[in-house]
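Asks: Quick one: sequence and predicted model below, then my questions.
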Amino acid sequence: MKFTKEQIQKAGLAAMLCGGGLWYYAFEMLEPLAKREAAALKETATLEPQIKEAKSKIVRTNSIEAGDVHAAEAKRAFAAMKAKIPGGPPVAWLPTRFGEFFKQRGIGKPTFRGNPEPTEPEFPGYKGSSWTIDLPGVGFAAFGDALADLENQEGLMQITNLLIESAATNPEIHHTQITISTLVKSEK
Amino acid sequence: MALHLNLYHEIHRQAERERRDPVKLAGLAALLFAMLLVFWYFYRLSVVSRVEAKRQQVRSEWSHLEPEKKAAVENEVLLLAQQKSNQALFERLNERFYWAPLLDEIATFTPTNIQIVSFEGVLDNGKEKKKTITVLVRGVAAGLEPRTVAEDFRRSLRDRLAARYPDVSVQFDANSLEDGVESVTLDGQTLGTATFRIRAQFKPKTAQ
């Protein structure tokens, strides 16, 4: 079979058209699709772990709130602290308050000395305060009763040091000293 | 055998030639190929559309979750701090050491032939959950054998404390148990004395 020149020209032209068409199909139609697909897959693959992490983070945060077994009691205690602890520096109210307490129980003339701030866990709006209270010339029974009342009344207070010494001249009279650690409002 | 004449053989040959025309066959093949390509294109288009729809859904979910996550991260810090504060406050309120019951206990069981001269108590907060109470008792014991009286008092103190508190240790301080130079009169009897210094250590009970 022999092709005429015209047929060969037509075949060449057809081949060129087919080649062009294939090029257009591959690079102008399929390749953009592949690029779109790759971009979508990449973004999805990036976002999916972030979504998973975000969900677990949200669940974890919610579980912290739900798992705080002391939240209700602490809320009440913080409210009580707010009402009970006066504002201002403790030197302005603490000696007066505790002095009055001992005076009401027949223990007069206590002296107060402020100590360096004790390290306390962080309570927002509050800080630790330590004081040494000297109670000279106290009978043991009166001091014991006062101590029990003090420990029951001042829920936030902890006695960290306690010293009871008999007087050399009269063993029934004691010199007592207590060091207390309590919470006061911070002045921030 | 019947004679068969095909008067249309020219027409048939022409038709056969046309049927086998390579240009026509090539055209048909090209058309088929083009249809396959079109089908493939639309198939790929549908796949890509599905992938893009999924991306859109993920984007939308992320746009909702991202602010929630940011808030959760900020809240987590606050909530953890709050939880720590709550726990510390709970412990402060519920795990205090009360000195009055200890004084009451010692005052109650101290016998008449023991005089406590000084009592010093120290609460060592130590590290987390390791509070220790140290009590230093100085006193004078009186009796026919005052050292034995002092030892009995130490044992009695140890037993009393052990009944109330964990990890109790009650010891005389080194070289602190000594014969006293003075004698005392108790219930009409003149008795010798011994001075002592007892160091007691124990852990406070967590629930008072």
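Replies: Here it is on my side, so go on.
Asks: just so I have it, where are all the strands in chain A?
Replies: Counting by DSSP state E, chain A has strands at residues A:111-115, A:126-139, A:158-166, A:173-185.
Asks: Report how many residues lie close to residue 187.
Replies: You didn't say which chain, so I picked chain A. Residue A:187: 8 surrounding residues under other Cβ atoms under 10 Å in any protein chain shown. The way it works is simple: take the backbone N, C-alpha and C, and place the C-beta from them, glycine included.
Asks: you looked at the wrong chain, it should be chain B
Replies: As a burial measure, residue B:187 scores 7 neighbours (other Cβ under 10 Å).
Asks: same deal with residue A:179?
Replies: Count around residue A:179 with other Cβ under 10 Å applied: 19.
Asks: May I ask you to confirm that it is in contact with residue A:134?
Replies: No - at 10.2 Å, residue A:179 does not count as touching residue A:134 under the criterion of Cβ atoms under 8 Å.
Asks: Can you classify residue B:167 as helix, strand or coil?
Replies: Look at residue B:167: counting by DSSP: H, G, I helix; E, B strand; the rest coil, its state is coil.
Asks: ok, now which ones touch it?
Replies: B:201, B:202, B:203 (Cβ atoms under 8 Å, 6 or more residues apart in numbering or on different chains).
Asks: ranking the residues you listed by neighbours, who comes first?
Replies: Among the contacts of residue B:167, the one with the most neighbours (other Cβ under 10 Å) is residue B:202, at 21 neighbours.
Asks: what sits against residue B:141?
Replies: By Cβ under 8 Å, 6+ apart, the neighbours of residue B:141 are B:113, B:114, B:147, B:149, B:150, B:153, B:193, B:194, B:195, B:196.
Asks: Most neighbours among those residues, which one is it?
Replies: The residue in the contacts of residue B:141 with the most neighbours, by other Cβ under 10 Å, is residue B:150 (27 neighbours).
Asks: So what's the residue count around residue A:107?
Replies: 20.
Asks: before we move on, the earlier item: tell me which of the strands of chain A lies nearest to residue B:71.
Replies: Among the strands of chain A, strand A:126-139 comes nearest to residue B:71, with 26.7 Å by Cβ to Cβ.
Asks: Show me which positions of the closest one end up buried.
Replies: A:126, A:127, A:128, A:129, A:130, A:131, A:132, A:133, A:135, A:138 (16 or more other Cβ atoms under 10 Å in any protein chain shown).
Asks: Identify, from these, the entry nearest to chain B.
Replies: residue A:126 (9.1 Å; Cβ to the nearest Cβ).
Asks: Spatially nearest residue to the closest one, not counting backbone neighbours?
Replies: residue A:183 (4.6 Å; Cβ to Cβ, 6 or more residues apart in numbering or on different chains).
Asks: ok, how many other residues are close to that neighbour?
Replies: 22.
Asks: Residue A:59 - how many residues pack around it?
Replies: 10.
Asks: do the same with residue B:198
Replies: Residue B:198 is flanked by 21 other residues according to other Cβ under 10 Å.
Asks: now do residue A:97
Replies: For residue A:97, using other Cβ under 10 Å, the count is 12.
Asks: now do the one 3 residues further on
Replies: The burial count assigned to residue A:100 is 10, neighbours taken as other Cβ under 10 Å.
Asks: how distant is stretch A:72-83 from the center of its chain?
Replies: 16 Å (Cα atoms, centre = their mean, to the nearest Å).
Asks: ok, it near chain B or not?
Replies: Yes - using Cβ under 8 Å from any Cβ of the partner chain, stretch A:72-83 reaches chain B at A:73, A:74, A:77, A:78.
Asks: how much space between the spatially closest residue to the first one that is not a sequence neighbour and residue A:74?
Replies: Setting aside the residues directly before and after it, residue A:73 is nearest to residue B:90 in space (Cβ to Cβ, 6+ apart), at 6.1 Å. Using Cβ to Cβ, to the nearest Å, residue B:90 is found at 6 Å from residue A:74.
Asks: Nearest the middle, which residue of chain A would you pick?
Replies: Nearest residue to the geometric centre of chain A (Cα atoms, centre = their mean): residue A:122, 8.3 Å.
Asks: I'd say it and residue B:86 touch.
Replies: No - judged on Cβ under 8 Å, residue A:122 makes no contact with residue B:86 at a distance of 11.4 Å.
Asks: Who are the contact partners of the residue nearest to residue B:134 when sequence neighbours are not counted?
Replies: Using Cβ to Cβ, 6+ apart and skipping residues adjacent in sequence, the residue nearest residue B:134 is residue B:122, 4.7 Å away. Residue B:122 is in contact with A:160, A:161, A:162, B:133, B:134, B:135, B:136, counting by Cβ under 8 Å, 6+ apart.
Asks: Kind regards, and thank you for your time.
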